[in-house]
Structure formats: structure tokens, C-alpha cells
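> okay, here's the prediction I keep looking at, along with the sequence it came from:
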Amino acid sequence: MRPATGIFFAFMLVALALGGCTREEPSVPLKAERMPVVTQLTDNHEVFEANPIYSPDGTQLLFESDVTGNRDLWLMPAAGGEPTQLTFHPGFDSAPFWSPDGTRIVFESNRSGHKNIWILDVTTAGAQPVALTAGPWDDADPVWSPDGTRVVYESNRENDFGTDLWVTPVAGGVTVRLTTTGDGIYHRTVDWSPDGTRLVFESNRAENSSALHTMPAEGGPVTRITRFNGYEGHPAYSPDGTQIAYESSWDGTMEIFVIPAEGGTPLQVTDQGGYWPRWSPDGSRIVYCVFGNPEPNIWTVDVDWR
């Protein structure tokens, strides 16, 4: 796999976009006149790659790929390089997330016949995944809590048509439902704030329109932080908790945006497509995926607008 670095451009409109923002949102998100550096990490143009995420020490990238003809989890150096396959089951494995200490990963899989949440020790050769959840429903998009004790995820276990957020203790215990909504409403692609106090997620709970929302991590009042047309999803907190990266199709093409964590003016940071953003542990880059032009697969964008 070969990395290919784009040309550096200084970011414009910085002070307006991320400094002194108010809660009142503009009619459209801001877009810099010149976009920041992007770097291509993989070039397997005929395969599907998704959900990349940095290891807690920033040295590796975990992601899913169907390069073998089956959806499995893979690991590669954060700067690009030869990947290593982590899972081999004929079922699909997807949406991986690291434990805070980097010793385990959590992911969704249908290897038991239903889509549930599994945990794998990545420090022990030959270790087998262990089920965290089990049941005749779909659990998906798990995220480990910053203190390492719980996993939050979306599930349709008590919905005929829709999903809610649930949290399960890693060491075993009572699973707690965090949101309760009617049929046709979803809460999904959740992320935990770095201090463990809040959750951000996408939902169509308001006006039946996809938008980003936040709420206390223990459950409670929900706050909508985006109000633009189109799909908005896969939010990810920055390491310092002040910003949220996400994907949006507000102008017809899915791109990566960044918004203050309390809401405000979003800033578009890609212009050639973007899905599944995740921040590097030092906050200097966002890793994401692209489909179509300029190339598919895994890319990073420099956080040089600060």
C-alpha cells in the first residue's frame, strides 16, 4: 500500500468558523476557500474498507475490509503499510473500537446468527472473540467508555422499527437502556466524550430529520446540535472534547465536517468525499474513508485550521 500526500494549503476563515461561535447556526456550513492536507493510506481500489480508528497510542489503525471476500477486521501502521488480519470468521465483523488501554477491541458481528457485540484480546496470539451481548436482535456500532468499564451501542432489541442506545458493563452486569422512542425513530453511531460525561449520536427524533444530538452519558435530556438538510452521522469527539467530526450530505456529497461540541457553525474539511471520521489521539489528524474520486479507501486530513 502506498501513501500519497496532497498539497498543503493554509486554512481560511478560521477565526469565524471555530472561534467565537454562537449557538445560532447559519443557513449553510462554512467551507474554507482552500482545503487542508489529505494523505492516502491504502490503494486497494476494488475492495471495501470502512470504520478506521487509531489505536490509543496512535501507532496503528484498526479497520474493516472485505479484501478476502468476507468482511473482517484488519490492523495496519498508522502511517500506512502492510495490514494484518485480526478476525477470520465466515460471518461479517464490523465497526471496531479500541479499549482505552489498547489491549482489546470491541466490534459488531453476526457470527452467532444475530448481530451482537463481541470483544477480542489483541495482545494474545490465537485469542478468540468473546460475546458481550447475545440475543435475537441487532446490536451495532459499539464504543468503549473512556474509563474502560462499559460499552455503549445501538440496538433494536425492544423496537419493531427503530433503534435506541444501550450500555453494557464489560465485566458483566445489568444492561441499561439510555433512550426510548417510538417506531421509525433511530438513535445510532454513538460516541463517548473523552471525559465520559456525554454522548453524541445521530438521530431522526426531531422533525424526522437526521441530525446530531448530545445527552448525558447516564441518560437524560437530549440536545440537538445540527440543523442542516441531508444526512448527518458517525460523529466523533476530538481528544480534547471541544469539537465533533462527522459526515454529512447536506450539499449532495458526503463530506467530513467539524463542529464545536456544544453546537454552532460547522466547517467542511474535505471536498472529495468522506465517511466514518475518527481523530488521532494527539488531535492532529482525522482518519476517514472515501468512495469514488479521487481514490477509494482510507485517507487522513490534517487538522491544520487551529
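Ah, there it is.
> least trustworthy helix or strand in this structure by mean pLDDT?
Lowest by mean pLDDT, DSSP states H and E among the helices and strands of the chain is helix 14-18, with a mean of 32.
> what's the first helix or strand after it?
Note on helix 14-18: by DSSP states H and E, the next helix or strand toward the C-terminus is strand 30-31.
> ok now that following strand, how far from the chain's centre?
Remark: strand 30-31 is offset 22 Å from the chain centroid, using Cα atoms, centre = their mean, to the nearest Å.
> may I have the strands that pair with it, each with its orientation?
Strand 30-31 has the following strand partners under DSSP bridges: strand 267-268 (parallel).
> now the partner strand: mean pLDDT?
For strand 267-268, the mean per-residue pLDDT is 92.
> and the very next helix or strand once past that strand, how far out from the chain's middle?
Downstream of strand 267-268, the next assigned helix or strand under DSSP H and E is strand 275-279. In terms of Cα atoms, centre = their mean, the centre of strand 275-279 is set 5 Å apart from its chain centre.
> cool, and stretch 207-221?
The answer for stretch 207-221 is 16 Å, by Cα atoms, centre = their mean.
> show me what it is in contact with.
For stretch 207-221, contacts defined as Cβ atoms under 8 Å, 6 or more residues apart in numbering pick out 145, 152, 176, 178-179, 184, 187, 192-193, 196-206, 222-233, 235, 244, 246, 259, 261. Bear in mind the C-beta positions are built from the backbone N, C-alpha and C, glycine included.
> make it 7 Å
Stretch 207-221 is contacted by residues 178, 192, 196-204, 222-227, 231-233, 235, 244, 246 when judged by Cβ atoms under 7 Å, 6 or more residues apart in numbering.
> quick check: end-to-end length of that stretch?
17 Å (Cα to Cα, to the nearest Å).
> now swap in stretch 90-110 and tell me
End residues of stretch 90-110 are separated by 9 Å (Cα to Cα).
> can you offset everything so residue one is 748?
OK, 748 is where the count begins now, so the last one is stretch 837-857.
> which SSE is Asp938 in?
For Asp938, the host element (DSSP H and E) is strand 934-939.
> neighbouring strands - and their directions - for the next helix or strand after that strand?
Scanning forward in sequence from strand 934-939 by DSSP H and E, the next helix or strand is strand 945-950. Partner strands and pairing direction for strand 945-950 (DSSP bridges) are strand 934-939 (antiparallel), strand 958-963 (antiparallel).
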